[in-house]
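**Student:** here is a sequence together with a model predicted from it:
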Amino acid sequence: MSEKKTETFIIEQEDANIRLDTFLANLYPDISRSYVQKQIKSGNVFVNNAAVKSSYILKTDDIVSTCFDSVLTESIEPEDIPIPILYEDDRMLVVNKPSGMLTHPTSTEKTNTLVNALLYYTKGKLSDCNGILRPGIVHRLDRNTSGLLMIAKDNDAYEHLKNQMQNRSIEKKYYAVVCGVLENDSGTIDAPLGRHPKRPEKMAVVADGKPSVTHYSVIERFNGFTFVDILLETGRTHQIRVHMSHINHPVVNDTLYGAQRIPVKTGEQVLEAYSLKFISPDDNKEHKITIDFDDDIIRTLNYLRSKK
């Protein structure tokens, strides 16, 4: 008798708005859609702890749980992709994810992600608390956001770092260039976030959303734009992007949330996670890692300064 393996997946923007059976069939290429549909009907798949039909349309932040044969769920391959390592000890890593790279595979993209690179670099020595698509991943960055991510090498390290995040003791800071000129030198956005009521690929400020707090301070003002330093108090999906759009200052190039594009070659949102402060589970000491501006920030600032 084959062993059963339980997996949990949090649906993100890239996998939203598709059928549940399509998501799972894409996720496990060796499993037929008919097998998936049978498993859903048999009660081996739940969405948000509830039984649903195969035709259920997934939404951002849905939690999908499966209980399939373990031999069917090993599908992510290591890849020799160079990734800047900013910190490493026996229990964890801090890496600098480039803009344009997915943090982890999705049901339709299983190669060229940070996880593929990490599996190769660590020879598979990564925490498995977060499921087969997210080994080692404690938190994530959007595809087009660059910067620092903590990676857990074992399950105890994962729990240690996750607890710090839940206790809000990890400091995460970002650089962003936003549309419009912020009037105040600093401010706080305290607005609950949840799924957009009409567009499942987006998040929005909603009355019944999760508590979400973003602090910002102005670094430099330009003609029609502002360069800001952002400190996250919470870490919700798309938090900075939604909060800045909510106060009518969306992140430059973030067209999903209403920003204008500038005539400079960059990715999407001009946003970089540049600083992390945390306690390593290896030595129980506080570490602070910072990085310089990425190429998108530099190109954008040079362009805006030339227009002053």
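**Tutor:** Arrived safely, thanks for sending.
**Student:** please count neighbours and contacts with C-alpha atoms only from this point.
**Tutor:** Will do.
**Student:** doesn't Met37 fall inside a helix?
**Tutor:** I think there's a mix-up here, since residue 37 is Gln and not Met. Yes: assigned with DSSP: H, G, I helix; E, B strand; the rest coil, Gln37 falls within a helix.
**Student:** for it, what are its contacts?
**Tutor:** Counting by CA atoms under 8 Å, 6 or more residues apart in numbering, Gln37 makes contact with 21, 54.
**Student:** next one: it from Tyr28, what distance?
**Tutor:** To Tyr28, Gln37 is 13 Å away according to CA to CA, to the nearest Å.
**Student:** how close does Lys172 sit to Ile240?
**Tutor:** From Lys172 to Ile240 the distance is 12 Å (CA to CA).
**Student:** cool, Tyr274 as well?
**Tutor:** 14 Å.
**Student:** if you count surrounding residues, which of these two has more?
**Tutor:** Set Tyr274 next to Ile240 and count neighbours by other CA atoms under 10 Å: Ile240 wins out with 25 against 22.
**Student:** just the element for the more buried one, please.
**Tutor:** helix 239-246 (DSSP states H and E).
**Student:** next structured bit after that helix?
**Tutor:** strand 271-279.
**Student:** buried stuff in the helix or strand of the chain with the lowest mean pLDDT?
**Tutor:** Lowest on mean pLDDT, DSSP states H and E among the helices and strands of the chain sits strand 4-10, with a mean of 80. Judged by neighbour count using 16 or more other CA atoms under 10 Å, the buried positions of strand 4-10 are 7-10.
**Student:** same check on stretch 218-235?
**Tutor:** Here stretch 218-235 shows 218, 220-222, 225-235 as buried, counting by 16+ other CA under 10 Å.
**Student:** looking at those residues, which is nearest Asn155?
**Tutor:** Gly235 (21.0 Å; CA to CA).
**Student:** ramachandran coordinates for that closest one?
**Tutor:** Note on Gly235: its backbone torsions stand at phi -130, psi 70 [degrees, to the nearest 10].
**Student:** apart from its neighbours in sequence, what residue is nearest it?
**Tutor:** Spatially, and ignoring its direct neighbours in sequence, Gly235 is nearest to Ser212 (7.4 Å; CA to CA, 6 or more residues apart in numbering).
**Student:** list the residues that contact Met150.
**Tutor:** Under the criterion of CA under 8 Å, 6+ apart, the contact list for Met150 reads 92-95, 137-139.
**Student:** for it, which residues make a bridge with it?
**Tutor:** Beta-bridge partners for Met150, by DSSP bridges, are Val94.
**Student:** what separation do you get for it and Lys265?
**Tutor:** Taking CA to CA, one finds Met150 at 28 Å from Lys265.
**Student:** what of Ile57?
**Tutor:** Distance from Ile57 to Lys265, by CA to CA: 35 Å.
**Student:** Ala176 now?
**Tutor:** To Lys265, Ala176 is 16 Å away according to CA to CA.
**Student:** now stretch 253-262: how far from the chain's centre is it?
**Tutor:** Distance of stretch 253-262 from the chain centroid (CA atoms, centre = their mean, to the nearest Å) equals 19 Å.
**Student:** average pLDDT across that stretch?
**Tutor:** Averaging pLDDT along stretch 253-262 yields 93.
**Student:** what comes into contact with it?
**Tutor:** Identification of contacts with stretch 253-262 by CA under 8 Å, 6+ apart yields 179, 202, 241-242, 245, 249-252, 267-270.
**Student:** for it, measure first residue to last.
**Tutor:** End-to-end distance (CA to CA), stretch 253-262: 7 Å.
**Student:** ok, now stretch 184-196?
**Tutor:** 28 Å.
**Student:** buried residues, that stretch. List them.
**Tutor:** Buried residues in stretch 184-196, defined by neighbour count with 16+ other CA under 10 Å: 191-195.
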